[in-house]
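> below are the sequence and a predicted model for it; my questions follow.
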Amino acid sequence: MSVPHIQTDNSIHKAMRLDHIGIAVADLTAAEELMTRLLGRKSYKRETVADQHVTTSFFTSGDTASKLELVAAEGGQGPIQKYVDKRGPGIHHLAFEVDDIEAEMKRLAADGFELLQEKPTKGADNKLVCFLHPKSTNGVLVEICQSIPTTVPPADYWESRYNEGSTGWDIGYPSPPITDYLDQIADKSLRILIPGAGNAYEAEYAWKLGFTNVFVMDVAKQPLKTFALRVPDFPRTQLIEGDFFEHVGQYDLILEQTFFCSFPPLPATRSAYAEKMNALLAPGGKLVGLWFNFPLTGDLEKRPFGGSQAEYLGYFAPYFETESFAPATNSIAPRMGKELFGIFRKAGI
């Protein structure tokens, strides 16, 4: 077996980072249960990649950024099914994250590594991926991957908007379609996430209704501080300052209220939103809320950003089953006819 010469430039070694170890399994549910017992923590998301005929389940690996990925064949076909049939369950691949996957593919090909594809493809965990043939990597299947950028504005952008009072959509009280929906829920123990919550009037309403597991998330500090002062008995541990796309957790219900409309309306970003929402929901969980129903203008700075029912369904279809999605009948007067109210259940249940 010929092994290509491996360059030793330190800058190249710094560019590649271990992202995850892939483990092929025959029974994903049984493997998740075993890994949960082993690690003492649950999988943080399941995800199906239909064109690769696989369903994956991710676990954090502790204090490092790398992960463990359980990979099972979907529908009894595809390369993972062939692998398990031939070799049985076990370590399947090592994945390394890079900053520029196409540049790395060119570099590796020029250095004698055999790539299994000419172009990177969309993989799990919001990544572009490319695999290297094991015969050129000492018998180990190697994946290189690059995170798909979400183009979400940085925290300081939103910090200044909240300080200036210029978010552009804060109505000063909870939105009626959301409150009416919350009024109908009997189970007050549901784990509820409100991402990009801003001043979080909906969270305050839910808390006062008796929902004990409401989590308020925003990338900016200011609205979280304001909320804490306004609702002093709300648990501080349930106020999350951070990037939605990097958040790890499992929820029964996620409420959408002017979060989707806040970041640039690019296909990659909106697809990543749908994928991440799916990942954060527990089996049977629901994404519920409002999406603006008016045309995009092409201006990537003037918020809030709109869209159409058909466009939104195109992004959500791979990840959700639609229970209802129609023009809201109880919007506030200035938004009447401009909002869609949707209830989406995590697919596969």
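Now that the structure is in, tell me what you want to look at.
> what segments of the stretch 51-200 of the chain are helices?
Assigned by DSSP state H, counting those that start in this stretch, the stretch 51-200 of the chain shows helices spanning 79-87, 101-110, 155-164, 176-183.
> residue closest to the middle of this structure?
The residue lying closest to the centre of the chain (Cα atoms, centre = their mean) is Lys276, at 1.7 Å.
> output the helices of the stretch 51-200 of the chain as JSON lines; include the columns mean pLDDT and distance to Phe131.
(Each C-beta comes from the backbone N, C-alpha and C, glycine too.) What follows is these, written out as JSON lines (pLDDT from 0 to 100; distance: least, Cβ to Cβ, whole Å):
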{"stretch": "helix 79-87", "mean pLDDT": "94", "distance to Phe131": "9"}
{"stretch": "helix 101-110", "mean pLDDT": "93", "distance to Phe131": "11"}
{"stretch": "helix 155-164", "mean pLDDT": "57", "distance to Phe131": "35"}
{"stretch": "helix 176-183", "mean pLDDT": "97", "distance to Phe131": "44"}
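> helix/strand/coil for the residue nearest to the residue nearest to the centre of the chain when sequence neighbours are not counted?
The shortest distance from Lys276 to any non-neighbouring residue, by Cβ to Cβ, 6 or more residues apart in numbering, is to Phe245 (5.7 Å). Taking DSSP: H, G, I helix; E, B strand; the rest coil as the rule, one finds Phe245 in the helix state.
> residues near the residue nearest to Met277 when sequence neighbours are not counted, how many?
Nearest residue to Met277, sequence neighbours excluded (Cβ to Cβ, 6+ apart): Leu287, at 5.1 Å. When neighbours are counted by other Cβ atoms under 10 Å, Leu287 registers 24.
> ignoring the adjacent residues along the chain, who's closest to Pro134?
Leu141 (5.0 Å).
> and for the one you found, the neighbour number?
Neighbour count for Leu141, taken as other Cβ under 10 Å: 19.
> list phi and psi for it.
When quoted as degrees, to the nearest 10, the phi and psi of Leu141 stand at phi -70, psi 120.
> that one contacts His93, correct?
Yes. Counting by Cβ atoms under 8 Å, His93 is a contact partner of Leu141 at 4.1 Å.
> what touches both of these two?
Contact with both Leu141 and His93 is made by residues Phe131, according to Cβ atoms under 8 Å, 6 or more residues apart in numbering.
> residue ranges of the strands in the stretch 1-150 of the chain, please?
Taking DSSP state E, counting those that start in this stretch as the test, the strands found in the stretch 1-150 of the chain are 17-25, 45-49, 54-60, 67-73, 90-97, 121-123, 127-132, 142-147.
> any chance of those in CSV, plus distance to Arg345?
CSV is the format used below for the strands of the stretch 1-150 of the chain (distance: least, Cβ to Cβ, whole Å):
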stretch, distance to Arg345
strand 17-25, 26
strand 45-49, 14
strand 54-60, 17
strand 67-73, 22
strand 90-97, 30
strand 121-123, 23
strand 127-132, 25
strand 142-147, 27
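> nearest to Trp291, of those?
strand 45-49 (22.4 Å; Cβ to Cβ).
> report the mean confidence score over that closest one.
Strand 45-49 carries an average pLDDT of 83.
> in whichever helix in the chain runs longest, which residues are buried?
Across the chain, the longest stretch assigned as helix under DSSP state H is helix 267-280. For helix 267-280, the neighbour count (16 or more other Cβ atoms under 10 Å) marks 269-280 as buried.
> got the angle for that helix vs strand 142-147?
Using axes from the mean of the first three to the mean of the last three Cα atoms, to 10 degrees, one finds that helix 267-280 and strand 142-147 are set 110 degrees apart in direction.
> now the buried residues of helix 267-280 in JSON lines, with pLDDT?
As requested, the buried residues of helix 267-280 are exported to JSON lines (pLDDT from 0 to 100):
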{"residue": "Thr269", "pLDDT": "83"}
{"residue": "Arg270", "pLDDT": "87"}
{"residue": "Ser271", "pLDDT": "85"}
{"residue": "Ala272", "pLDDT": "87"}
{"residue": "Tyr273", "pLDDT": "92"}
{"residue": "Ala274", "pLDDT": "93"}
{"residue": "Glu275", "pLDDT": "91"}
{"residue": "Lys276", "pLDDT": "93"}
{"residue": "Met277", "pLDDT": "95"}
{"residue": "Asn278", "pLDDT": "94"}
{"residue": "Ala279", "pLDDT": "93"}
{"residue": "Leu280", "pLDDT": "96"}
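> what's the closest of these to Thr322?
Using Cβ to Cβ, those come closest to Thr322 at Ala274, 12.1 Å.
> residues contacting that closest one?
315-316, 318-320.
> ok, and the closest non-adjacent residue to it?
Nearest non-adjacent residue to Ala274, counting by Cβ to Cβ, 6+ apart: Tyr315, 4.5 Å away.
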